[in-house]
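Engineer: when you get a sec, could you give me coordinates for this:
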Amino acid sequence: MPATPSRPRLLLGSLLLAVWLAGCAEPPPLAPPATPKVTVSRPIARKVTDYEDFTGRTDAVSTVDIRARVTGYLDKVTFKDGDIVKVDALLYQIDPRPFQASLDQALGQVERLEAEKKLFAIQVDRYTKLAAKSAASQQDVDQYRAQQAENIGALKTAEAQVAMAKLNVGFTRVMAPITGKISRTLIMPGNLVNADSTLLTTIKSIDPMYAYFNIEEPTVLRIQKMIREGLLGTRKLSDVPVDVGLADDVEHKFPLHGHLDFANNTVDPQTGTLQVRGVLDNPFTPGVPPRLTPGLFVRVRLPMGNPHEVLLITERAIGTDQGEKFVYVLGQDNKVVYSRVKLGLLFDGLQAVEEGLRPGDRVVVNGLQRIRPGIPVEADEVEMTSLAGSAKPPEQPAKTIEAKPQAARPKS
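Structural biologist: As a prediction, the model looks like this:
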């Protein structure tokens with residue numbers, strides 16, 4: 001009687017047969033990849049002016065060291081440290097009594113000499129008449145005329161001493177020579193003030209304000225050439241506009257506007273730069289801090305050329321490929337197209353594109369990492385914004401620019 005296989009062996013064989021049959025079956029088809037979703041925006045067309053940015057410092061138009069013109073003891077200080085003072089305002093009072101006494105003495109001398117002048121005039125007239133009648137000698141007449149001339153000279157000297165004494169009395173009142181912001185007082189009442197040597201305080205003017213900055217030599221040559229050729233809209237340095245922004249200006253704006261008024265006569269051979277100065281209005285209200293103060297750090301922007309039309313896009317839409325800048329745009333069939341671009345300057349947080357884009361192109365601004373050239377995508381269109389999320393520049397509304405013939409975009 002033949003032996004029958006055991007139950008465990010039958011189970012093992014059935015399991016191996018099932019595994020072999022499963023391996024021979026075809027695998028289930030893979031699900032197609034999902035279509036990427038991206039966000040696109042159309043470039044903003046705008047007229048802009050190229051520019052160069054510099055850094056500098058503000059400085060006062062006028063700075064005056066306040067010193068006394070007479071020597072004496074200081075009686076009082078009439079201002080508060082840091083005040084804004086107006087021209088001819090009283091700042092210090094020096095004890096005027098010694099100078100008033102000198103003035104009174106000089107006035108008395110003048111009165112005495114004027115009395116002598118009248119006497120000599122009478123004597124000269126009298127002896128001239130007597131000499132004509134031979135009642136007096138000519139020597140007497142000459143003597144009185146000499147005394148009269150001496151008196152006239154002494155009187156002029158005395159009058160000059162009176163004028164000087166009056167000046168000294170006036171100099172005891174130290175006045176503000178300009179309108180501006182005053183520093184702290186360096187001398188307190190009771191101290192001796194020496195004429196022309198003791199520094200009392202300083203005053204710096206407020207309105208207008210200078211902004212000094214340095215321009216590198218290549219830019220200097222470029223600006224000079226543009227001024228000569230009238231490409232800046234003027235042939236005068238004083239007509240070149242300048243925009244200034246402070247360290248706290250949001251989004252690096254340039255809210256202050258002025259014009260150039262000075263360029264140094266020599267390029268510094270050590271730094272290769274030329275010092276240039278702009279002048280800005282800086283109106284102020286007493287008791288309220290002015291916008292500009294001497295010594296502030298400022299960002300200065302100079303226009304370079306005439307306005308021209310460009311296309312502006314957000315920086316987030318720009319990619320880098322081996323040092324080349326590119327953007328992805330969508331064709332009519334919603335397929336991704338790779339386009340190299342030549343970039344210009346930033347304007348209100350948006351990047352100017354000089355070459356590589358056409359008006360109306362749909363530029364991918366979000367989802368660049370999920371796509372590649374040639375694949376179809378699903379696109380949601382939004383308004384073009386800067387990286388900071390601000391709306392499109394309000395100064396110049398978007399408009400349509402006629403498409404100009406361009407070379408075909410290079411393929412990836």
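
Engineer: which non-adjacent residue is nearest Leu280?
Structural biologist: Using C-beta to C-beta, 6 or more residues apart in numbering and skipping residues adjacent in sequence, the residue nearest Leu280 is Gly258, 3.8 Å away. Quick note: C-beta positions are derived from backbone N, CA and C, even for glycine.

Engineer: tell me the secondary structure at that neighbour.
Structural biologist: strand (DSSP: H, G, I helix; E, B strand; the rest coil).

Engineer: just give me the neighbour total for it.
Structural biologist: When counting by other C-beta atoms under 10 Å, one arrives at 20 neighbours for Gly258.

Engineer: which helices and strands does the longest helix seen in the chain pack with?
Structural biologist: Criterion DSSP state H: the longest helix present in the chain is helix 97-132. Under the contact criterion of 3 or more C-beta pairs under 8 Å, 6 or more residues apart in numbering; DSSP states H and E, helix 97-132 touches helix 138-171.

Engineer: run through the neighbouring helices and strands of the helix it packs on.
Structural biologist: Helix 138-171 packs on helix 97-132, going by 3+ C-beta pairs under 8 Å, 6+ apart.

Engineer: buried residues in the helix it packs on, which are they?
Structural biologist: 98-99, 102-103, 106-107, 109-110, 113, 116, 120, 123-124, 127, 131 (16 or more other C-beta atoms under 10 Å).

Engineer: which of these lies closest to Leu312?
Structural biologist: Phe99 (70.6 Å; C-beta to C-beta).

Engineer: could you verify my assumption that the closest one touches Asn168?
Structural biologist: Yes - counting by C-beta atoms under 8 Å, Phe99 touches Asn168, with 4.4 Å between them.

Engineer: for the stretch 251-400 of the chain, which segments count as strands?
Structural biologist: Using DSSP state E, counting those that start in this stretch, the strands of the stretch 251-400 of the chain run over 256-263, 273-280, 297-303, 308-313, 319-321, 324-330, 336-340, 342-347, 350-355, 362-366, 378-381.

Engineer: ok, now which ones touch the nearest residue to Lys117 once chain neighbours are set aside?
Structural biologist: With C-beta to C-beta, 6+ apart as the criterion, Lys117 has its nearest non-adjacent residue at 5.1 Å, and that residue is Asn151. Contacts for Asn151 (C-beta atoms under 8 Å, 6 or more residues apart in numbering) come out as Leu113, Glu116, Lys117, Phe120.

Engineer: do the same with Leu311
Structural biologist: If you count contacts by C-beta under 8 Å, 6+ apart, Leu311 has them with Pro43, Ile44, Ala45, Ala352, Val353, Leu357, Pro359, Ile401.

Engineer: most widely separated two among those residues?
Structural biologist: Between any two of these (C-beta to C-beta), the greatest distance is 13.7 Å, for Ala352 and Pro359.

Engineer: which of the two has more neighbours?
Structural biologist: The neighbour comparison of Ala352 against Pro359 (other C-beta under 10 Å) goes to Ala352, with 20 against 16.

Engineer: and the pLDDT at the nearest residue to that one once chain neighbours are set aside?
Structural biologist: In this structure, Ala352 finds its nearest non-sequential neighbour in Gly344, 3.3 Å apart by C-beta to C-beta, 6+ apart. Listed pLDDT for Gly344 reads 86.

Engineer: residue contacts, Arg173?
Structural biologist: For Arg173, the contact set (C-beta under 8 Å, 6+ apart) comprises Leu90, Tyr92, Gln93, Ile94, Pro96.

Engineer: repeat the analysis, applying 6 Å as the threshold.
Structural biologist: Shown in contact with Arg173 (C-beta atoms under 6 Å, 6 or more residues apart in numbering): Leu90.
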